[in-house]
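Visitor: starting from these lines, generate the structure:
(chains A and B)
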Amino acid sequence: MNKVSRFLKTFFLVDILRGLAVTMRFYFGRKITIQYPEEVQPSPERFKGILRLYKDENGKPLCIACKACRRACGTNCFDIEGVRDPGTRTMRPVKYDWKLDRCTFCGLCVEACPTTPKSIRFSEEFRMATADKSRLHFHLEDMYLKGKDLQKFFQGGSKT
Amino acid sequence: MGPQHPSTHGVLRLKVSVDNELVLKIEPVVGYLHRGMEKLWESLTYAQVVPMTDRLDYIAAVSNNLAFVLAVEKLMGLEIPKRAQYIRVILAEIQRLASHLAWLGFMANDIGAISVLLFGFEDREDFLDILEIYAGGRLTVHGLRIGGVPYDLDEALIALIRKSLDDLPKKIKDIETLLTKNRIWRHRTEGIGLISAAEAIEYGLTGPALRASGVAWDIRKDIPYSSYQDFDFEVPVLRGGDVYDRYLVRLEEIRQSTRIIRQALDKLPAGEIMAKVPRVLKIPAGEVFHSIEAPKGELGFYVRSNGTDKPERVKMKSPSFINLQSLPLMCRGNLFSDIVGILGSLDIVLGEIDK
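Guide: Numbers count the residues shown, from 1 in each chain, chains lettered A, B, ... in the order given. Predicted structure coming up:
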């Protein structure tokens, strides 16, 4: 009996048909493809997009030029210089160079940042393509660019 | 074959001597992806090395993190909070699922079953999403820190992990329907790439490939680390030693991993997620070796410290590199077209071989 059933199974290609049934179910099943760029998948809260500097609600930069991010960085992305603001006695960055091409998106700089809320954070921006290599090097003003302005910067728009 | 060949999983060159279709001799040439990682680490602090280890076995980043972090913590004599240990286990097992599913896709694709590649990658995406929600990275996760884990698991994420685990058995069953009894698959895998238990031990084979040859050796069970002794799971062992058995062992490992994650989620203790670690990490002088059971096999780190904040020497025992050594033995006497399947069954990652 066992032999007969095995012969029948082999003869009628049961194993192959079973496999084809699975493939057909996927063919008529729910589609999981996302039509980028019309649809964009929402990014999770801790998504590691491009690093950006942030300002507080009054429009003042949060960065205090303590260089903790530079010390934490394993790939030497940062070059920072700060001066003491004579009025408020706090340090402010005058030079904040960051190299996107060296960045490994490990997040050590964000963890090291001592300000609250953190001055340097990952944004949700994942589009970082550019045809000009010099656009991978950011200066202080470029570090605040976001959205369309950032894309303009990547595409070689006026360097602010 | 190679270095630019779609079935070598990267840039691996194989010097193959053949007699018509029969393989006489095979000689792997490695080093095309050499980035000088071990030397580079000597110029980085311990905390900075952790994200670099993501780039070794890029299919299973958390496992690399875990091996290095445990080695450093062993050297420091640091006690890790129980909750952090459990979260580590959960992350490492999710990474094992992702790695095995990716392997399943690659391997089936090498042999010619392209739909399995698509299914396997779709299933793996669930687990990469979990890692992305947890730490922000899909592939290079940087999910662990020296002293614990960076983030806590919240209810929403735990619910998502449970849901993914519940969906998995059905998806695995689909893949099994496509492969396990399929006559083409069996013809291409059964009795191919044979290696006996004695030879496997002699060649230092580890991981699922060793267990498919009939040696019950799993570091999670035999030398438990990071609280693996708290969980009840089985180590699948088969005796065939061929490609088909390696496939079955990995499928069973996927099931056992889901068991471990479920238990860890159920028993997840409350408490801290980070031990007390100074901001500038100075490790006492000394040397240490610690190995874990990575998805590919035994992954070990040797770390020597001279008391500063940077390691004096880090040496890595990577499972892919050592498993690749037994490829010539497995291929001997097989057909040329089987090389691809045997290579696939070893589950190598070139980032780990060349470092």
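
Visitor: C-alpha from now on. contacts and neighbour counts both.
Guide: Fine.

Visitor: what's the first-to-last distance across stretch B:208-217?
Guide: Start-to-end span of stretch B:208-217 (Cα to Cα, to the nearest Å) is 9 Å.

Visitor: how much space separates whichever residue of the stretch 151-300 of chain B sits closest to chain A from B:Asn109?
Guide: In the stretch 151-300 of chain B, the residue that lies nearest chain A is B:Leu178 (4.4 Å; Cα to the nearest Cα). Counting by Cα to Cα, the gap from B:Leu178 to B:Asn109 is 12 Å.

Visitor: who has more neighbours, the two?
Guide: Shown here are B:Leu178 and B:Asn109; by other Cα atoms under 10 Å in any protein chain shown, B:Leu178 has more neighbours (23 against 18).

Visitor: can I take it that that one is in a strand?
Guide: No - B:Leu178 is assigned helix when assessed by DSSP: H, G, I helix; E, B strand; the rest coil, not a strand.

Visitor: show me where pLDDT drops low in chain A?
Guide: Applying pLDDT under 70 to chain A flags residues A:1, A:157-160.

Visitor: geometric centre of it: which residue is closest?
Guide: The residue lying closest to the centre of chain A (Cα atoms, centre = their mean) is A:Gly49, at 1.7 Å.

Visitor: is chain B within reach of the lengthiest helix in chain A?
Guide: Counting by DSSP state H, the longest helix found in chain A is helix A:14-28. Yes - legend: contact between helix A:14-28 and chain B by Cα under 8 Å from any Cα of the partner chain is shown at A:Asp15, A:Ile16, A:Arg18, A:Gly19, A:Leu20, A:Val22, A:Thr23.

Visitor: and the fifth one, how far from B:Gly300?
Guide: A:Leu20 sits at a distance of 43 Å from B:Gly300 (criterion: Cα to Cα).

Visitor: out of these two, which sits in the busier spot?
Guide: B:Gly300 (23 against 14).

Visitor: now the more buried one: which helix or strand?
Guide: Applying DSSP states H and E as the criterion places B:Gly300 in strand B:297-305.

Visitor: all strands for chain A, in order.
Guide: Using DSSP state E, the strands of chain A run over A:51-53, A:78-84, A:91-99, A:120-122, A:137-138.

Visitor: what lies in contact with the second one?
Guide: So that's strand A:78-84. Contact partners of strand A:78-84, identified using Cα atoms under 8 Å, 6 or more residues apart in numbering or on different chains, comprise A:64-67, A:69-70, A:90-99.

Visitor: can I have the buried ones of these as a ChimeraX selection?
Guide: Per 16 or more other Cα atoms under 10 Å in any protein chain shown, the buried members of those correspond to this ChimeraX selection:
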select /A:64,65,66,67,69,70,91,92,93,95,96,97,98,99
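
Visitor: report the buried members of the residues of helix A:14-28 next to chain B.
Guide: For these, buried by 16+ other Cα under 10 Å: A:Asp15, A:Ile16, A:Arg18, A:Gly19, A:Val22, A:Thr23.

Visitor: between the residues you listed, which is nearest chain B?
Guide: A:Gly19 (4.4 Å).

Visitor: returning to what we had before: so after the strand holding B:Gly300, what's the next helix or strand?
Guide: According to DSSP H and E, the helix or strand after strand B:297-305 is strand B:311-317.

Visitor: and the angle from that next one to strand B:297-305?
Guide: Angle, strand B:311-317 to strand B:297-305, by axes from the mean of the first three to the mean of the last three Cα atoms, to 10 degrees: 170 degrees.

Visitor: how distant is strand B:311-317 from the center of its chain?
Guide: The chain centroid and the centroid of strand B:311-317 are separated by 19 Å, computed with Cα atoms, centre = their mean, to the nearest Å.

Visitor: neighbours around B:Ser17, how many?
Guide: For B:Ser17, the count of nearby residues is 14 (other Cα under 10 Å).

Visitor: that one contacts B:Pro328, correct?
Guide: No - if you go by Cα atoms under 8 Å, B:Ser17 and B:Pro328 don't touch, sitting 10.8 Å apart.

Visitor: all the strands of chain B, in order from the start?
Guide: B:13-19, B:22-29, B:286-294, B:297-305, B:311-317.

Visitor: can you redo these as CSV with distance to chain A and mean pLDDT?
Guide: What follows is the strands of chain B, written out as CSV (distance: least, Cα to the nearest Cα, whole Å; pLDDT from 0 to 100):
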stretch, distance to chain A, mean pLDDT
strand B:13-19, 28, 85
strand B:22-29, 29, 86
strand B:286-294, 21, 88
strand B:297-305, 18, 89
strand B:311-317, 14, 88
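
Visitor: now for residue 104: which residues touch it?
Guide: Using chain A. Applying Cα under 8 Å, 6+ apart, the residues near A:Thr104 are A:Thr75.

Visitor: wrong one, I was asking about chain B
Guide: Applying Cα under 8 Å, 6+ apart, the residues near B:Leu104 are B:Val116, B:Leu117, B:Gly120, B:Tyr247.

Visitor: tell me the residues of chain B that contact chain A?
Guide: Residues of chain B lying near chain A (Cα under 8 Å from any Cα): B:44-45, B:48-49, B:51, B:115, B:132-137, B:141-142, B:174, B:177-179, B:181-183.

Visitor: again, only this time at 6 Å
Guide: With Cα under 6 Å from any Cα of the partner chain as the criterion, chain B comes near chain A at residues B:Gln48, B:Pro51, B:Ile133, B:Gly136, B:Thr177, B:Leu178, B:Asn182.

Visitor: ramachandran coordinates for B:Gln4?
Guide: B:Gln4 adopts backbone torsions of phi -100, psi 90, taken as degrees, to the nearest 10.

Visitor: and the spatially closest residue to it that is not a sequence neighbour, how many neighbours?
Guide: Nearest non-adjacent residue to B:Gln4, counting by Cα to Cα, 6 or more residues apart in numbering or on different chains: B:Val11, 5.9 Å away. A total of 21 residues lie near B:Val11 under the criterion other Cα under 10 Å.

Visitor: so how far is chain A from B:Val11?
Guide: B:Val11 sits 22 Å away from chain A, going by Cα to the nearest Cα, to the nearest Å.

Visitor: doesn't B:Pro28 make contact with that residue?
Guide: No - B:Val11 lies out of contact with B:Pro28 (Cα atoms under 6 Å); the separation is 10.9 Å.

Visitor: off-centre distance for the top helix by length along chain B?
Guide: Among the segments of chain B that qualify as a helix by DSSP H, the longest is helix B:82-111. Relative to the centre of its chain, helix B:82-111 is centred 7 Å away, using Cα atoms, centre = their mean.
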